[in-house]
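1. take this sequence and fold it.
(2 chains)
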Amino acid sequence: NAGVTQTPKFQVLKTGQSMTLQCAQDMNHNSMYWYRQDPGMGLRLIYYSASEGTTDKGEVPNGYNVSRLNKREFSLRLESAAPSQTSVYFCASSVSGPGTEAFFGQGTRLTVV
Amino acid sequence: GENVEQHPSTLSVQEGDSAVIKCTYSDSASNYFPWYKQELGKGPQLIIDIRSNVGEKKDQRIAVTLNKTAKHFSLHITETQPEDSAVYFCAASMDNYGQNFVFGPGTRLSVLP
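-> I've put the predicted structure just below:
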């Protein structure tokens, strides 16, 4: 009964390095999301995927790419990390359709030095 | 796009007192309003939600009210307990597939014993 699983939990990158954050859900949800959380700014949507095979930009997509690998997995890639991307990243998923709860993973704390 | 404001940013109450957190939203098309609780080191978790065809919803010590005309909604916690201490986020979402949750900046609630 894992829910939404994110890996890794912590990561330190040097400026310019690349990395991929992994997310998987076992609830058979159609929609998946990537958010970043910064102090005093709540959760801001980076990208989302309404269903397998589709992805759309959110509020803050610059510097990121995503892949909806299959129904279970939705990855977030930083091609060339910048200090401004230091944040806590959350993956979430929900059943498709209006007014449905989003379930969140435990988060990935990323520091770019 | 949708903008969600949340007040206060921090709130301290004595154990047993009530706590109220207020949010406003800008887009009248939003029709689903969840509240999330985030404990330290964890992802946000849904505690209560309300849809636009309902004015009030209650679940034990937690209640949410919605005023569609004024475009604001509030979270009410009665008989607060130390375990209620956390960061609370409100959110607004529209009635479409691949819904996009827009979150408020959060309220840090501290319940003092």
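
2. doesn't A:Ser84 lie inside a strand?
-> No. Using DSSP: H, G, I helix; E, B strand; the rest coil, the secondary structure at A:Ser84 is helix, not a strand.

3. report how many residues lie close to it.
-> 10 (other Cβ atoms under 10 Å in any protein chain shown). C-betas here are computed from N, CA, C, even on glycine.

4. over to the one 4 residues further on?
-> By the other Cβ under 10 Å criterion, the neighbourhood of A:Val88 contains 17 residues.

5. quick one: it and A:Thr111 touch, right?
-> No. Between A:Val88 and A:Thr111 there is no contact under Cβ atoms under 8 Å: 10.1 Å.

6. what residues does chain A put near chain B?
-> A:4, A:31, A:33, A:35, A:40-45, A:48-51, A:54, A:56, A:58-59, A:90, A:92, A:94, A:96-107 (Cβ under 8 Å from any Cβ of the partner chain).

7. so where's the chain shaky on pLDDT?
-> If you meant another chain, say so; for now it's chain A. Chain A contains residues with pLDDT under 70 at A:1, A:97-99.

8. wrong one, chain B
-> Applying pLDDT under 70 to chain B flags the ranges B:95-99.

9. dump the residue contacts of B:Tyr88.
-> Neighbouring residues of B:Tyr88 by Cβ atoms under 8 Å, 6 or more residues apart in numbering or on different chains: B:21, B:35-38, B:47, B:75, B:106-107, B:109.

10. 6 Å - rerun?
-> By Cβ atoms under 6 Å, 6 or more residues apart in numbering or on different chains, the contact set of B:Tyr88 is B:21, B:37, B:107, B:109.

11. and A:Val95, by the same measure?
-> Contacts of A:Val95 (Cβ under 6 Å, 6+ apart): A:His29.

12. any idea how far it lies from chain B?
-> Using Cβ to the nearest Cβ, to the nearest Å, A:Val95 is found at 10 Å from chain B.

13. gap between that residue and A:Arg72?
-> 14 Å (Cβ to Cβ, to the nearest Å).

14. cool, and B:Tyr32?
-> B:Tyr32 is 25 Å from A:Arg72, where distance means Cβ to Cβ.
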